[in-house]
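A.B. asks: all I have is the shape, not the residue letters:
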């Protein structure tokens with residue numbers, strides 16, 4: 001079923017690769033519900049939604065596409081959902097999940113056609129790199145703010161936090177421990193860093209397990225979104241057009257980039273083509289649809305899957321192993337819920353993940369001002385406006401303007417001009433509503 005002999009691997013190698021991926025990815029089980037909790041989503045709802053969206057999306061990837069890739073809620077999109085979509089528009093979180101639900105359906109339709117490839121090719125490369133870097137900076141800022149390392153200031157908006165507070169001290173210790181683990185190239189360094197920081201928090205009285213450790217999984221509010229017609233009505237009523245477009249773009253880049261890179265790492269691209277590409281690209285959209293129905297932000301192919309590939313994983317058995325481990329993790333919601341209450345335990349992971357994502361800044365052509373400035377706007381405006389959508393909008397608006405001034409308007413794909421107009425309308429008429 002998994003073509004183990006054809007891909008020169010074995011059950012033992014695949015299972016160990018799956019365990020490696022799980023340890024590298026496990027921090028998402030804690031961090032994602034913690035972020036969504038700030039949007040008002042009950043922890044148990046977000047926790048099990050994270051588990052189930054990962055299971056369904058990854059099962060699709062494993063059994064249909066046969067790739068060692070895990071589908072899980074995307075870091076960055078969960079922060080965008082919480083702090084920009086819900087917080088920025090003062091929406092009920094169910095309305096936000098309507099936008100995610102429709103995005104998943106649209107993404108599934110795109111994945112079944114060639115339009116997805118055409119859309120990727122239309123987006124300027126420098127803007128793609130800038131979006132990833134801007135999201136990384138945004139995530140890092142959230143980690144710094146939640147931990148107290150960065151604090152509010154009445155005039156300058158932000159300032160350094162109180163380093164004498166137990167929360168900041170614990171965050172700094174956790175960050176130090178985690179970067180040491182990273183420097184030592186330990187598998188699952190982020191997860192191990194969280195475990196170690198959690199132990200320190202427990203012995204210093206900042207963490208307790210009053211609700212126990214194990215419980216039967218359940219969804220407190222059941223299915224949150226299921227009717228596409230009602231979801232479209234929500235989007236029209238609240239003017240969430242740019243939200244959907246931003247979700248689509250980021251999912252497009254995240255999944256396509258991560259999936260192609262990991263499959264290439266595993267040596268599974270033959271004659272320059274991706275086998276079962278439609279099934280692979282559909283997996284994250286299926287995960288997104290299921291996740292929105294249950295209560296989590298969009299899913300994507302995870303870059304952490306590369307850890308399992310590095311350990312020898314080449315088939316869907318690797319990702320199936322991760323699915324089994326996620327099923328087991330579903331029974332530990334009380335313990336994970338207690339950990340999520342202590343921001344200092346999860347903040348180091350957010351800061352470090354931001355570092356991973358911002359590295360794409362090196363791919364931007366900084367010596368070409370007409371390419372560099374739109375990318376610069378994307379990067380700085382995401383954290384400074386607390387919105388991924390605003391950052392993308394400013395980049396897409398400024399890019400064709402720069403090209404027109406340089407008399408290179410023919411170098412810009414027609415899609416980009418359309419996107420620029422749509423984003424301009426969104427910023428002028430809907431951004432503050």
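C.D. replies: Structure's in. What do you need? In this text the structure is predicted, and so the values were computed from the model without any measurement. Numbering: from 1, shown residues only.
A.B. asks: shaky segments in the stretch 301-433 of the chain?
C.D. replies: For the stretch 301-433 of the chain, the stretches with pLDDT under 70 are 429-433.
A.B. asks: can you give me the helices in it?
C.D. replies: 305-310, 316-329, 333-340, 343-358, 369-385, 388-405, 414-429 (DSSP state H, counting those that start in this stretch).
A.B. asks: so which bits of the fifth one are buried?
C.D. replies: Okay, so that is helix 369-385. 370-379, 381-385 (16 or more other CB atoms under 10 Å). For the C-beta atoms, the positions are set from N, CA and C on the backbone; glycine is no exception.
A.B. asks: ok, now the last one?
C.D. replies: Neighbour-count burial for helix 414-429, with 16+ other CB under 10 Å as criterion, is recorded at 416-417, 419-420, 422-423, 426-427.
A.B. asks: closest one of the residues you listed to residue 52?
C.D. replies: Ranked by distance to residue 52 (CB to CB), the buried residues of helix 414-429 are led by residue 426 at 31.9 Å.
A.B. asks: skip the chain neighbours and tell me the closest residue to the closest one.
C.D. replies: Spatial nearest neighbour of residue 426, chain neighbours left out: residue 242 (3.9 Å); criterion: CB to CB, 6 or more residues apart in numbering.
A.B. asks: residues in contact with residue 279?
C.D. replies: Going by CB atoms under 8 Å, 6 or more residues apart in numbering, residue 279 touches 60-61, 64-65.
A.B. asks: so how far is residue 111 from it?
C.D. replies: Separation of residue 279 from residue 111 (CB to CB, to the nearest Å): 9 Å.
A.B. asks: which stretches in the stretch 1-150 of the chain count as strands?
C.D. replies: 71-73, 150-153 (DSSP state E, counting those that start in this stretch).
A.B. asks: nope, the stretch 201-350 of the chain is what I meant
C.D. replies: Using DSSP E, counting those that start in this stretch, strands in the stretch 201-350 of the chain cover 299-301.
A.B. asks: okay, the nearest residue to residue 286 once chain neighbours are set aside: pLDDT?
C.D. replies: Among residues not flanking residue 286 along the chain, residue 60 sits closest, at 5.2 Å (CB to CB, 6+ apart). According to the prediction, residue 60 has pLDDT 94.
A.B. asks: contact partners for residue 130?
C.D. replies: Contacts of residue 130 by CB under 8 Å, 6+ apart are 360-361, 364, 374-376, 378-379, 395.
A.B. asks: separation between the residue nearest to residue 426 and residue 360?
C.D. replies: 22 Å.
A.B. asks: just residue 135 next, same as before
C.D. replies: Residue 135 is 10 Å from residue 360, by CB to CB.
A.B. asks: look at these two and report which has more neighbours.
C.D. replies: Taking other CB atoms under 10 Å, residue 135 and residue 360 do not tie; residue 135 has more neighbours (31 against 20).
A.B. asks: so the more buried one touches residue 388, yeah?
C.D. replies: Yes: between residue 135 and residue 388 there is a contact under CB atoms under 8 Å: 6.1 Å.
A.B. asks: mutual contacts of those two, please.
C.D. replies: With CB under 8 Å, 6+ apart as the test, residue 135 and residue 388 both reach 76, 80, 250, 382.
A.B. asks: I'd like to know how many residues surround residue 359.
C.D. replies: 12.
A.B. asks: now for it: which residues touch it?
C.D. replies: 133, 136.
A.B. asks: right, and the strands of the stretch 1-150 of the chain - which one's nearest residue 190?
C.D. replies: strand 71-73 (13.4 Å).
A.B. asks: listing partners with orientation, what would you give for that closest one?
C.D. replies: strand 299-301 (antiparallel) (DSSP bridges).
A.B. asks: any buried residues in the strand it pairs with, and which?
C.D. replies: Neighbour-count burial for strand 299-301 [16+ other CB under 10 Å]: 299-301.
A.B. asks: cool, and stretch 406-413?
C.D. replies: Result for stretch 406-413 [16+ other CB under 10 Å]: buried residues 412-413.
A.B. asks: relative to the whole chain's centre, how far out is it?
C.D. replies: Here stretch 406-413 shows a centroid-to-chain-centroid distance of 32 Å under the convention CA atoms, centre = their mean, to the nearest Å.
A.B. asks: could you do stretch 355-375 as well?
C.D. replies: Worked out by CA atoms, centre = their mean, stretch 355-375 lies 20 Å from the chain centre.
A.B. asks: end-to-end on that stretch?
C.D. replies: By CA to CA, to the nearest Å, the extent of stretch 355-375 from end to end equals 18 Å.
A.B. asks: okay, the angle between the longest helix along the chain and helix 343-358?
C.D. replies: Secondary structure of the chain read by DSSP state H shows that its longest helix is helix 241-265. For helix 241-265 against helix 343-358, the angle between stretch directions is 70 degrees (axes from the mean of the first three to the mean of the last three CA atoms, to 10 degrees).
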